[in-house]
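# Task: produce atomic coordinates for the following.
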Amino acid sequence: MWLLAGHASKLDRPWKSIREDNRVKESTFEPFLAEYGDPRKPAAGREDLMRNSLSKFPAILKLCPELAELLRRLKATLHR
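Sure, this is the predicted structure:
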């Protein structure tokens, strides 16, 4: 999900719809990988897509609040 969040502008439907989809891997991720991945690379280019997503980490945190909460909890634990 977070990989897709980093590429939300490329997706063909609203983020809310993607978040609510119980079959997001089949309905969104696989077609996304087929279009934007690279079948010549290991894992069809997932690494490049992940790196690109992580370069937009603040946007990912806005679209994936559970990750933002995890980050908040980790920071709180480390600052004890």
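
# mind checking the SS state of the nearest residue to V24 once chain neighbours are set aside?
Leaving aside its sequence neighbours, V24 sits nearest to I18 (C-beta to C-beta, 6 or more residues apart in numbering; 5.9 Å). For every residue, glycine as well, the C-beta is placed using N, CA and C. Here I18 is recorded as helix under DSSP: H, G, I helix; E, B strand; the rest coil.

# how close does I18 get to H7?
11 Å (C-beta to C-beta, to the nearest Å).

# Phi first, then psi, for G37.
phi -80, psi -170 (degrees, to the nearest 10).

# now the closest residue to it other than its chain neighbours, what's its secondary structure?
Ranked by C-beta to C-beta, 6+ apart and with sequence neighbours excluded, the top spatial neighbour of G37 is G45, at 3.8 Å. G45 carries the three-state label helix when classified by three-state DSSP.

# check contacts around G45.
Residues in contact with G45 (C-beta atoms under 8 Å, 6 or more residues apart in numbering) are 33, 36-39.
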